[in-house]
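1. need coordinates for the following:
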Amino acid sequence: MEDKIEKFQPKLVLCPTDFSEMATLALKFGKMISTGFEARMLVLFAEHFDPPPYFTPSQEKKLIKSMERSRKAATVHLIRYIKEKLGEVTRTEAMVIEDRPGQAILKTAEARNADLIVMGTHGRSGWSRFMLGSVTDRVLREIDRPVLAVRFKESEGVTAPVFIKKILCPVNYTELAHFALDHAVAVAECFRAELTVLHVIESPSSEESEQAAHKTLCTWIPGEMHPRCNLREIIRRGESAEQIIETALSLGCDLIVIGAQHKRFSDTTVIGTTTSRVMQHTPCPVLVTIGKGK
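-> Sure thing, here's the model as predicted:
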């Protein structure tokens, strides 16, 4: 790499919530991450209400006063919710703002310089969802910093175990992959987790042996990363997303760390197909490191 990438060391973790089970599970992951890295945690609740067009100025003033009382009550409820779900709340801040959730998250992340956003997702499949769907999808399309998307399983709910012992980081030798690997190593080092670095040979016509590919992968990984964590390299052949998901399942991974490139699509942006498919179908949380593309 030409430029040295600064070590991933989050100082502020932003955790949006809507008090749902999905958001509560993500909140627990946010607490684990913030505790592990000794970071502060900001728990955000956003609610938006547009007054009806027929409201008179006096009615709008009354509405504003009512909303202010509601915001104070929501803040009290948010603090109580955090204490109930997390217990110890040292270095944790509660924030309630009046705005649309997606916009609130993006604005707050920028204003407070959050280093990581931790959000819940149902992980439903479907191309339309990634074009039009949830708040998590919008944040991934527009954010310029890492997002940890926590997959919510209806069968487990908030009782799902929260830990990181095995991490998978797929790489393709790009600068973005190196950026993702740096994040994966930092998380593995923090939680003393096993890190598997995966490279997938996609081309069916490739004559490169797996032994040669493994040597290339080992050479690509900076030598200083090995002493920081328990790291190993593996090679697979096939379609990238399928191999990433199958490898994560076979190894029993607790986290996938993968890079995503922002690409223009009409008047919006999308993230790469491989990252999208992995997020849709993998059973474990996915830490997405964001890069900007054309």
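2. which residues does Pro170 form beta bridges with?
-> Bridge pairing for Pro170 (DSSP bridges) gives the partners Leu198.
3. any idea how far it lies from Ser240?
-> 7 Å (Cβ to Cβ, to the nearest Å). From N, CA and C alone the C-beta is placed, and that goes for glycine too.
4. mind checking which helix or strand of the chain has the lowest mean pLDDT?
-> helix 127-132 (a mean of 34; mean pLDDT, DSSP states H and E).
5. give me the buried positions along the lengthiest strand in the chain.
-> Determined from DSSP state E, the single longest strand within the chain is strand 255-265. Across strand 255-265, burial judged by 16 or more other Cβ atoms under 10 Å covers 255-262.
6. from these, which is closest to Ile143?
-> His262 (9.1 Å; Cβ to Cβ).
7. can I assume that closest one is in contact with Arg141?
-> Yes - checked against Cβ atoms under 8 Å, the pair His262 and Arg141 is within contact range at 7.3 Å.
8. where does the most centrally placed residue in the chain fall, phi/psi-wise?
-> What sits nearest the mean C-alpha location of the chain, by Cα atoms, centre = their mean, is Leu148, with 1.6 Å. Recorded main-chain torsions at Leu148 are phi -100, psi 110, according to degrees, to the nearest 10.
9. contacts only, for it.
-> Leu148 is in contact with 26, 29-30, 33, 116-119, 285-288, counting by Cβ atoms under 8 Å, 6 or more residues apart in numbering.
10. for the longest strand of the chain, name the packing helices and strands.
-> Strand 255-265 sits against strand 166-170, helix 175-191, helix 240-251, strand 268-270, helix 273-281, strand 286-292, with contacts defined as 3 or more Cβ pairs under 8 Å, 6 or more residues apart in numbering; DSSP states H and E.
11. these: lowest mean pLDDT?
-> Among those, strand 268-270 has the lowest mean pLDDT, at a mean of 54.
12. where does pLDDT dip in the chain?
-> 1-6, 48-56, 58-69, 122-133, 153-161, 205, 263-271, 292-294 (pLDDT under 70).
13. mind giving me the domain split of it?
-> 12-157, 166-292 (automatic domain parsing).
14. quickly list what the residue nearest to the centre of the chain is bridged to.
-> The partner residues for Leu148, given DSSP bridges, come to Val118, Leu287.
15. which residues of the stretch 51-200 of the chain fall in helices?
-> Ranges of helices in the stretch 51-200 of the chain, per DSSP state H, counting those that start in this stretch, are 57-86, 101-111, 127-132, 135-142, 175-191.
16. how about JSON lines for those helices, with mean neighbour count added?
-> Below are the helices of the stretch 51-200 of the chain laid out as JSON lines (neighbours: other Cβ atoms under 10 Å):
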{"stretch": "helix 57-86", "mean neighbour count": "13"}
{"stretch": "helix 101-111", "mean neighbour count": "18"}
{"stretch": "helix 127-132", "mean neighbour count": "14"}
{"stretch": "helix 135-142", "mean neighbour count": "21"}
{"stretch": "helix 175-191", "mean neighbour count": "22"}
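17. now tabulate the ones you listed in TSV and tack on distance to Thr216.
-> Putting the helices of the stretch 51-200 of the chain into TSV (distance: least, Cβ to Cβ, whole Å) gives the following:
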stretch	distance to Thr216
helix 57-86	44
helix 101-111	36
helix 127-132	32
helix 135-142	30
helix 175-191	13
